[in-house]
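Engineer: please find the sequence and the predicted model below.
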Amino acid sequence: MEIEINIVPLTKDIITCNLAVFTEMSSQLIGDYWTLDHYLAELDRKWDLSSVVYADNKLCGFIIVSEKEDSLHVNRIVVAKEFKRHSIGKLLIEKAIRDTRELNKSGLTLKVDAVNNGAINFYKKFNFEQTGTQGELLLMKLKLPE
């Protein structure tokens, strides 16, 4: 049976009405510390670039993206455990890549825990490369051709 997947812009209302869902999904992240204030933080173009995915009307993933000087930055991307392997993460990253191209940015950046091999391998499939470290985090960037 195929599931119906919808991607919609992330809004403050979606976050506040579903904070428990966001928190539960994010609990799988190593060292998760985000609170409501983190989710609602005003970042450059965040509300234009961030998205939520629903599968059969159930919130199952989200990405929070902001604009930097020459790139877009993935602040957080999470897919609910029961929806892993349904291409939700792929859908979210591909949208961020499209937005990066449309805004003529040089690339898409993110940070990932150095021990999160699953996530690191996922990003490498999209040609993200490690550009440095920050404590326990790897800094990664997908450079787009000019």
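Structural biologist: That came through fine. All values reported here derive from a predicted model rather than from experimental measurement.

Engineer: pLDDT below threshold where in the protein?
Structural biologist: 1, 146 (pLDDT under 70).

Engineer: ranges for the strands of this protein?
Structural biologist: 5-9, 51-55, 58-67, 71-79, 107-113, 129-134, 137-143 (DSSP state E).

Engineer: the last one - contacts with which helices or strands?
Structural biologist: Think strand 137-143. strand 107-113, helix 117-125, strand 129-134 (3 or more Cβ pairs under 8 Å, 6 or more residues apart in numbering; DSSP states H and E). Bear in mind the C-beta positions are built from the backbone N, C-alpha and C, glycine included.

Engineer: switch to 10 Å and redo it
Structural biologist: strand 71-79, helix 88-102, strand 107-113, helix 117-125, strand 129-134 (3 or more Cβ pairs under 10 Å, 6 or more residues apart in numbering; DSSP states H and E).

Engineer: and Phe128, how many residues sit next to it?
Structural biologist: Neighbourhood size, Phe128 [other Cβ atoms under 10 Å]: 22.

Engineer: list the contacts for it?
Structural biologist: By Cβ atoms under 10 Å, 6 or more residues apart in numbering, Phe128 lies in contact with 74, 93, 107-110, 112, 120, 122, 138, 140-143.

Engineer: which of the residues you listed has the most neighbours?
Structural biologist: Counting by other Cβ under 10 Å, top hit in those: Leu108 with 25 neighbours.

Engineer: beta partners of that residue?
Structural biologist: Beta bridges link Leu108 to Leu72, Leu142 when assigned by DSSP bridges.

Engineer: quick check: it vs Asp32, distance?
Structural biologist: To Asp32, Leu108 is 22 Å away according to Cβ to Cβ, to the nearest Å.

Engineer: got it, and Asn121?
Structural biologist: Distance from Asn121 to Asp32, by Cβ to Cβ: 20 Å.

Engineer: which of these two has more residues huddled nearby?
Structural biologist: Asp32 (13 against 9).

Engineer: Asn117 versus that one, what's the distance?
Structural biologist: Counting by Cβ to Cβ, the gap from Asp32 to Asn117 is 18 Å.

Engineer: residues in contact with the residue nearest the centre of the chain?
Structural biologist: When Cα atoms, centre = their mean is applied to the chain, the residue found nearest the centroid is Ile77 (2.5 Å). For Ile77, the contact set (Cβ under 10 Å, 6+ apart) comprises 29, 50-51, 61-65, 88-89, 92-93, 96, 110, 112, 119, 122-123.
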